[in-house]
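[1] everything below, folded, please.
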Amino acid sequence: MHPSIIDLTADYATEHERDMTMNDINATPATRSTNHTGELIYRFEAQLGEPFPVGVFDDGIRFHNNFDGRISDGPFAGARICGLDEFKLRPDGVGEVVAPEAIDAGNVRASVHVRGYVVPPDGLEMPPLEAIATPGFEFPDLDFRFTGSATLATTSPEFTWLNSTIAILEGTVNMGTGTIKVEARAA
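    Numbering: from 1, shown residues only. Got it, this is the predicted structure:
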């Protein structure tokens, strides 16, 4: 019988290492001195650029969309938020989002990496993906629910707590009008 990885690491752990908790491992003095759970990180409204369909694949139609907007609430209020929305619309109507974003408040900047899902309204019958890929297709003027998470990175001393924070994102995306409305809170 082979020893487990736990058995092997236990053999090499010092007495101090055995007494450490996950809080000790995850904590750094600069980032964990205050609990930010539930704190508003940002609320923004943005406009999608012209959708750029990459093509229809077996798992869905892929788009690359840029977006640009302003943060209206939270510590970054007034800052610009922009990025690339890599969007895959699956055959079931659910969209998968991967969006590298940037927050630019002038003297403070942050990088944001978003992953999430866009869910169509109940009862909406989605057209075939091939129809969506057809030039001239127009999305309906409907809000799709967006749910996701994000990691953030900044060098600003005031916001270093964001470097170890997962943000929970909720909002809407309207492909018909190109409007994105999102709120991010610390998990």
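
[2] name the element residue 168 belongs to?
    strand 166-174 (DSSP states H and E).

[3] so what strands line up beside that strand?
    Take DSSP bridges as the rule and strand 166-174 pairs in its sheet with strand 144-153 (antiparallel), strand 179-186 (antiparallel).

[4] please identify the most buried of those.
    Most buried of the strands paired with strand 166-174, by mean neighbour count (mean count of other CB atoms under 10 Å): strand 179-186, with a mean of 20. Glycine gets a C-beta too; all of them are placed from N, C-alpha and C.

[5] top strand in the protein by residue count?
    strand 60-73 (DSSP state E).

[6] give the other helices and strands that it contacts.
    strand 40-48, strand 52-57, strand 80-89, strand 95-104, helix 129-132 (3 or more CB pairs under 8 Å, 6 or more residues apart in numbering; DSSP states H and E).

[7] other residues contacting the third one?
    Read it as strand 80-89. Contacts with strand 80-89, where a contact means CB atoms under 8 Å, 6 or more residues apart in numbering, come from 42, 44, 46, 48, 57, 59-71, 95-105, 112, 114, 118, 129, 132.

[8] take the helices and strands packed on strand 60-73 and write them to JSON lines, including mean neighbour count, mean pLDDT and distance to residue 160.
    Formatted as JSON lines, these follow (neighbours: other CB atoms under 10 Å; pLDDT from 0 to 100; distance: least, CB to CB, whole Å):
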{"stretch": "strand 40-48", "mean neighbour count": "20", "mean pLDDT": "98", "distance to residue 160": "13"}
{"stretch": "strand 52-57", "mean neighbour count": "13", "mean pLDDT": "94", "distance to residue 160": "35"}
{"stretch": "strand 80-89", "mean neighbour count": "20", "mean pLDDT": "97", "distance to residue 160": "19"}
{"stretch": "strand 95-104", "mean neighbour count": "18", "mean pLDDT": "98", "distance to residue 160": "14"}
{"stretch": "helix 129-132", "mean neighbour count": "14", "mean pLDDT": "94", "distance to residue 160": "42"}
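
[9] buried residues, the longest strand of the chain. List them.
    Within strand 60-73, the residues that qualify as buried are 60-63, 65, 67, 69, 71, counting by 16 or more other CB atoms under 10 Å.

[10] who does it pair up with?
    For strand 60-73, pairing defined by DSSP bridges yields strand 40-48 (antiparallel), strand 52-57 (antiparallel), strand 80-89 (antiparallel).

[11] of the ones you listed, which is nearest residue 152?
    strand 40-48 (7.3 Å; CB to CB).

[12] on the three-state scheme, the residue nearest the centre of the chain is what?
    In the chain, the residue lying closest to the centroid (CA atoms, centre = their mean) is residue 114, at 2.1 Å. Following DSSP: H, G, I helix; E, B strand; the rest coil, the label given to residue 114 is strand.
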